[in-house]
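> Predicted coordinates and the sequence they were generated for:
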Amino acid sequence: MTTKHRPDRAQQTKLRAFLKHHSQSGARLLKTSIAFGTLNAVLMIASCYLLANAAHLVMFESKAMNEVSFLLWPLAGLILLRALFLALSERLSHYAAQKIKSSMRQTLLAKLNRLGPAYIESKGQGAMLNTLHDGVEALHQYYASYLPSIAYSALIPFAILIVIFPTDYKAGLIFLLTAPLIPFFMILVGHKAEELNQQRWQQLSVLGNYFLDRVQGLTQLKLFNATRTELAHIAKISDDFRSSTMSVLKVAFLSAFALEFFATISVALVAVIIGFRLFFGTLDFATGFVVLLLAPEFYLPLRQMGTHYHARLEGISAAADMIDIINAEEQLPSAQKKPVPLPINNISAKQLSFLYPDSKEGISDINISLPERGLFAFVGDSGAGKSTLFDCLLGFHHQANTHIFINDTPLSHYENQSWLQNIAWIPQKPTLFYMSVADNLRLANAKATHTQLEHAAAKAGALEFIQALPQGFDTLLGEQGEGLSGGQKQRIALARAFLKDAPILMLDEPSAHLDSQTEQLISKAITDYAKHSLVLVIAHRLNTVSKADNIFVMQHGHIIEQGSYKQLNKEKGTFWQLLNAGAQHG
Amino acid sequence: MANFIRLLKLCRPHIGMLLLGAFLSTLTVLANVGLLAISGWFLASMAAAGIASVHMNYFTPAGVIRFLAIVRTASRYGERLITHNATFLLLSDIRTHVFKTLSQLNNVDLAMSRSADLVNRMQNDVDALDTFYLHVLLPIIVAIFAIPVVMLFMNAYNPNVALVCFTALMIVGMIVPTYLGIKFSKTAIQEREQSALLRAQLSDTLQGSRELMLFQASAKMLATCDHSSKVYNQQLHKRHCALANSNGLTLLITQLTMLASVVILIPLISSNQVAHVELAMMSLFVLASFETVLNLPNAFIQLPNTLSAASRIFELEDKLTSAPVTTTMSVEKQPLGVSFTHIDYRYNEQIHALKKVSITISAKQKVALVGPSGSGKSTLINLLTGLWPTQSGQIKLHTREGDVDISTLSTDNRFDLLTILAQHHHIFDGSLAENLRYAQPDATDEMLLKACEQAQLGLWLSQLSSGLNTRLGTAGRAVSQGQARRIAIAQALLRNSPIMILDEPTESLDNHTKHEVINTIMSVMADKTIITITHDPALLDSMDKVIWLEEGAVRAVDTHSALLESEIDYVSLVTRF
């Protein structure tokens, strides 16, 4: 959607190397495909010989049909083989591209998984998704068409030269002398043409983006009563783009014009020289005809390279996004870590600080100590550092692990996985995966029986509506649980957390105003859970806060107040202000 | 077919340009075919003359070859320029046409507010129509004109060769591609589904990466994605294989046709019924004649796709003609009151969004709507704006001259009287000034600066080196949620309408900014009627009355402080941390 910046020449070289490096999974197929393609060209040369000789015999030796049939039958055979080889070669190159794409996607996804959620969020989920989906698909034509076309542009003219020279070295010399002129010419005008061509694609995408942007904001335009003026705008901008693009194209096409003119002249030159040699009898017709038939084929691969220009550019642009991911630094898990010993009696953070790179936001100097059970609430404005603190406690920020202690041993000494096993966590907007309700729940406990699922769902107040769904627990949940209300999604997430039955429950309470039934349900569920386990809540609701054993008030990355609801209310500090914000204004 | 004709009608304004492009294309193709055929004849004749040692006028054919070479290259250049120009002209027409249609539809027909999917599909559809001329129409016109000319010449030499060649042209240019086109339009549905599945799974993996780590399910999810990716690629591979096969088939037919023409001609040459030089010419002529259908396969493959894109767009257009014509009553700008009477609204059988709601708001009154999500606040607002048509009940404006049913007003008039600060605010790709001027096209720079100042954007604006000309949106500077909200507020301030509807105006603003914004709203909009959706106690406190909705019905109407004292549920509803 966004107008992508096209990489410059130095970057392109780097990106091409990157694309080559990642083509291993399909490299052999691609080579086989090119071999078949080249074989096709060799057969093409042979069939030209057969045709020219047959024509010669009929035309100048007065041979009858049965006397040339020994040439025509093999010609028919060659044609059949060529058709087979062409189809095979194309199938193989597509198959190679398909394999490379699959493996590239796998590599990227695995790498992103190792880099962790923080990296994905810093780059933007939407952008990452586009790279993984459309970006990888954009590589197809690069591998399937552009790369073979490069090989052919070298191999096919070479094969033709090898055959032509022994037959007629003079014609061979004409080819040899004119052939380098095309690449030379392409470089000469190509530089400029490439630049112009890039502009052309860019302009088109700018125009497309402008239009779509306005369609996306259509409701807004309606509300502003501005659709009519915008209509005139779109017409004007399209027209402006047309005239500016056309002036670019006038020049861009000029180079194509020159190239084509050159190829035509070369073929004409060959034809004229052969014509006169035929006229003066220094060449027999069969050879002359072969050269005439091969002349356009000789220049064709060179000219075709230009038609795959767009495929090349698309592939390279897509690679630019991928190389960033592949080259991102990842933290290697150090060996010999222990599993977290049970039971967990105490969790604490000592002088815990974490700042996001490229920004001053984060948390600093956090000191808290949490016992094995109870309800603990964290409150504060958005951006105060609550989510960052939770991420640190979950071990998502490796750098912070030395400042978090489980039973007085730093978290960095333990296996990350064994720590996460002890935590059930519900984010602000839980992800409901594109799978059945049952599978979504079983993420928390793969071995859970159906009775266990029902039990957990009942505890979360979700059983009733799950059973009312068309296929009950087997109902496939659409993208982000489409069709379910916000409250229902929360209840499924709650059921999932219950199913895990972990000693620690961490919850980012939904800040949206859910229906009161769900709100009460969540409230009751967490207070129940806190009786036997540790519950940490980023709280948004009065009800939750008032029931907490301890409240931590956060501001600008620090914990500025802590204590029970009564205590904090008495102190009339920041918490009290937050609580009475409504009455304060005036 | 009906859609094809409708598409052609869209092209009518530029018919001259389109036909000129088609003429030049045809000329290029014919010159190319002629060039090859004459070259073959020329070589054979030269050789024949050489062997017979007779003089030959080689100036004329050489001149013709030169002429055709120049015609070919020049008309190719002209063709490219003209056809691209025509494409752009058409593209501009189609876009304005589509935009006009979209802008006149109401949002329920568009379902715009519900799915971003429509916008994506719209992109694909408009893209498909963009290349209608270049990729579909042009090759068809070229074939229609060039094939008869080529056949006429070929027929003059030998009718049998012409017949074989014509049959082959039809197979290669029409029959095979039409078959592929129909086949692909079927598999396209599976491809789209598989692509959507893969996208959903990838999206889940990225979005739920924390949860997957926590549940130790990352590896399993990666395997699922990998599987889908492979299945999707296998789907695509079917298409690529079919294309590769058809390319092989085309080569086979082209070459065999040439061989057939040679086989037909050899006995005729042996019996001297045909001049021997014609063998070389005809074999090249037959090969070259396939140039007339060079781009036709692609055209027929794309045709079903283009037509289905067109049918979707025409479908929207047809909804437009069936939309009821609103009678035009005009209300001048003046302080206005609003009343909702017995408003009932259902999304479907199950979801009953509003249940006979009646609310009266007098002119210049400041009113808040509160309630949990799904209580019907947004539905009420959408009905007031007319973006959604009412199902039952009445919405009236109280004017000096008496009550006016809002459905009798023209949309223009209605949106002159209403300003809506929507929750999903779109920042357009363009400068800050352009964004602000959407709200008030005649605003001077001073007015824009003042509105920014009032919306607490002053500090941010002073830090921007290009000031009001700073580019925002997809290709420009990213704005935070808080900044976007304040830009929306500046836009609302610029509009001078009697009724202001503010949906969560203080959301994502920090405390200080929030208070300043509330003060601005209360002072600048003192003589406006304000309806706001909010749960912000500070804003609620400045309102004249609070309307508390629950499950599509009014639960209570009172002032904020009175509700705080009397209703415990209300306290927990509006107290958020």
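Done, it's in. Numbering: from 1, shown residues only, chains lettered A, B, ... in the order given.
> lowest average confidence, helix or strand, in chain B?
helix B:107-110 (a mean of 58; mean pLDDT, DSSP states H and E).
> next one: phi and psi at the closest residue to chain B within the stretch 301-450 of chain A?
Closest to chain B within the stretch 301-450 of chain A is A:T431: 3.2 Å, counting by CB to the nearest CB. Any C-beta I mention is one placed from the backbone N, CA and C, and that applies to glycine too. Main-chain dihedrals, A:T431, degrees, to the nearest 10: phi -90, psi 120.
> Let me see the contact set for it.
Contacts for A:T431 (CB atoms under 8 Å, 6 or more residues apart in numbering or on different chains) come out as A:480, B:204, B:207-208, B:211.
> Got a ChimeraX select line for the buried ones in those?
The ChimeraX selection below is limited to those of the contacts of A:T431 classed as buried (16 or more other CB atoms under 10 Å in any protein chain shown):
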select /A:480 /B:204,207,208,211
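> Inside helices: which ones of the contacts of A:T431?
B:204, B:207, B:211 (DSSP state H).
> Now do the same contact list for the first one.
Right, the one you point to is B:D204. By CB under 8 Å, 6+ apart, the residues touching B:D204 are A:431, A:433-434, B:221.
> got the residues of the stretch 251-400 of chain B near chain A?
B:251-252, B:255-256, B:258-259, B:262-263, B:266-267, B:269-270, B:276-277, B:279-280, B:283, B:371-374, B:385, B:387 (CB under 8 Å from any CB of the partner chain).
> hmm, try it at 10 Å
Residues of the stretch 251-400 of chain B that fall close to chain A, judged by CB under 10 Å from any CB of the partner chain: B:251-256, B:258-260, B:262-263, B:265-267, B:269-272, B:275-280, B:283-284, B:287-288, B:351, B:370-375, B:377, B:382, B:385-387.
> Which of those residues fall within helices?
Among these, the members falling in helices (DSSP H) are B:251-256, B:258-260, B:262-263, B:265-267, B:269-270, B:277-280, B:283-284, B:287-288, B:377, B:382, B:385.
> Selecting buried members of the residues you listed in PyMOL, what would you type?
Filtering these down to the buried ones (16+ other CB under 10 Å) takes a single PyMOL command:
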select buried, chain B and resi 251+252+253+254+255+256+258+259+260+262+263+265+266+269+270+277+278+279+280+283+284+287+288+377+382+385
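> and the residue of the stretch 251-400 of chain B nearest chain A?
Of all residues in the stretch 251-400 of chain B, B:L252 sits closest to chain A, at 3.7 Å by CB to the nearest CB.
> quick one, strands of chain A?
A:347-355, A:362-370, A:374-379, A:404-406, A:409-410, A:423-426, A:504-508, A:534-538, A:550-555, A:558-563 (DSSP state E).
> shouldn't B:G376 be in contact with B:V357?
Yes. The pair B:G376 / B:V357 is scored as a contact, 7.0 Å apart, by CB atoms under 10 Å.
> anything in contact with each of these two?
Each of B:343, B:345, B:383, B:549, B:552-554 lies in contact with both B:G376 and B:V357 under the rule CB atoms under 10 Å, 6 or more residues apart in numbering or on different chains.
> quick one, helices of the stretch 301-450 of chain A?
Along the stretch 301-450 of chain A, counting by DSSP state H, counting those that start in this stretch, helices occupy A:309-327, A:386-394, A:416-420, A:437-442, A:450-459.
> now these in TSV, with distance to chain B?
TSV is the format used below for the helices of the stretch 301-450 of chain A (distance: least, CB to the nearest CB, whole Å):
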stretch	distance to chain B
helix A:309-327	12
helix A:386-394	7
helix A:416-420	5
helix A:437-442	9
helix A:450-459	14
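> Can you tell me which of these is nearest to B:L81?
Across those, B:L81 has its closest neighbour in helix A:309-327 (18.5 Å, CB to CB).
> Nice, that's everything, thank you.
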